[in-house]
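Colleague: with the sequence up front, the predicted model follows.
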Amino acid sequence: MKYLYYLYQIVFALPLLLITTALTSLTTVIGSTLGFANFWNYWPAKIWSWVTIRTFLLPVHVEGRENIDKKTSYVFVSNHQGFFDIFLIYAFLGHSFRWMMKKSLRKMPMIGKACESGGQIFVDKSGPKAIKRTYDQARMVLKNGVSLMVFPEGSRTFTGCMGIFKKGAFQLADELQLPIVPVSINGPFDVFPRTAKLPLAHWSRLSIKIHKPIPPKGKGHENELATLKEAYEVVMSGLPKERQKYVKNDDQ
C-alpha cells in the first residue's frame with residue numbers, strides 16, 4: 001500500500017499540487033492588487049489547502065471550533081510539526097487570519113509573492129529598526145479586526161515534540177489586550193517531517209484542536225510570561241502522550 005500511495009502522489013497528487021499552487025498564488029496576487037486583500041489573502045489559500053489535503057487522501061479530525069467567534073480578533077499560537085501544518089490550519093481553523101512568518105519565505109517561488117501581496121507579515125530580525133517595522137505592521141493588522149496566526153517555536157520540530165515558545169506573539173497580544181488562542185496540531189510530522197529524504201508524503205491522520213481563548217489578565221511583562229506559559233502547557237496537553245514533552249530544537 002505504501003508504494004501504491006507513492007505512485008499515486010507521483011502520477012496525480014504532486015502534479016495537481018503544483019498546478020493549484022500556481023493558480024492560488026496568481027489569484028491571490030491579482031485579487032489583492034484589485035482590492036479586498038482580506039478576502040483574497042484568505043479564501044484562495046483556504047480552498048487550495050482543503051483541496052491539497054483531500055488530494056493526498058488524509059483524514060482530518062477537528063475539535064474546538066465552537067471556542068472561537070468569527071467576529072473577534074485573536075492571536076492564534078500553534079506548535080509547528082511540519083509542512084502540512086499550513087494546509088491543516090488554512091483549511092480547518094474556520095477563522096480568517098494573517099500569518100507571521102520567516103522573512104526567508106518571501107523568496108519561495110510563487111508562494112512568497114502571493115504572501116507579500118496578501119499582506120502576510122514577514123519577521124525581519126536584521127536589526128532593531130527592522131524588528132520594530134515588523135511589529136508595527138502586526139499591530140496595524142490586529143487593529144483592523146483581523147486575527148494573527150503564529151508558530152511561536154519559529155521553526156519546524158525535528159522530533160514531533162515541542163521546542164520553546166518565543167515571546168513576540170505574546171507581547172503583541174498583551175499590548176493590544178487581545179485573547180490568545182492555543183492550537184494543538186498533530187499528524188503533519190508523520191506525513192511530511194522536515195527530515196524527509198524524499199518529496200513524498202506518508203499517509204497519516206491529521207488533527208487540529210482549537211482550545212478556549214486565554215483572555216488578557218492585565219498588562220505588562222509578568223502577564224506576557226504567564227500567558228506564554230499557560231498557552232505552552234495547553235498546546236502540549238492537546239498532543240498525544242508520547243509527544244507531551246519538551247525537546248530542544250537546535251535552530252530555534
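Modeller: That came in fine, so what should we check first?

Colleague: for the stretch 51-200 of the chain, which segments count as strands?
Modeller: Taking DSSP state E, counting those that start in this stretch to define them, one finds strands in the stretch 51-200 of the chain at 60-63, 75-78, 97-102, 121-123, 147-150, 180-186.

Colleague: strands paired with the shortest one, and their directions?
Modeller: Right, the one you point to is strand 121-123. strand 97-102 (parallel) (DSSP bridges).

Colleague: just the helices in this structure please.
Modeller: 2-8, 14-34, 37-40, 43-55, 84-92, 111-117, 128-143, 168-176, 188-191, 221-237 (DSSP state H).

Colleague: closest one to Thr24 among the strands of the stretch 51-200 of the chain?
Modeller: Ranking the strands of the stretch 51-200 of the chain by their distance to Thr24 (criterion: Cβ to Cβ) puts strand 97-102 first, at 14.5 Å. From N, CA and C alone the C-beta is placed, and that goes for glycine too.

Colleague: Gln177: neighbour count?
Modeller: The local packing of Gln177 (other Cβ atoms under 10 Å) involves 11 other residues.

Colleague: report pLDDT for it.
Modeller: Each residue has a pLDDT score; the one for Gln177 is 91.

Colleague: out of everything not next to it in sequence, what's closest to it?
Modeller: Closest residue to Gln177 apart from its sequence neighbours, by Cβ to Cβ, 6 or more residues apart in numbering: Pro216 at 4.6 Å.

Colleague: now do Asp250
Modeller: Going by Cβ to Cβ, 6+ apart, Asp250 has Phe158 as its nearest residue, at 7.4 Å.

Colleague: circling back: adding mean neighbour count, write the strands of the stretch 51-200 of the chain out as TSV.
Modeller: Converted to TSV, those look like this (neighbours: other Cβ atoms under 10 Å):
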stretch	mean neighbour count
strand 60-63	14
strand 75-78	26
strand 97-102	21
strand 121-123	20
strand 147-150	24
strand 180-186	24
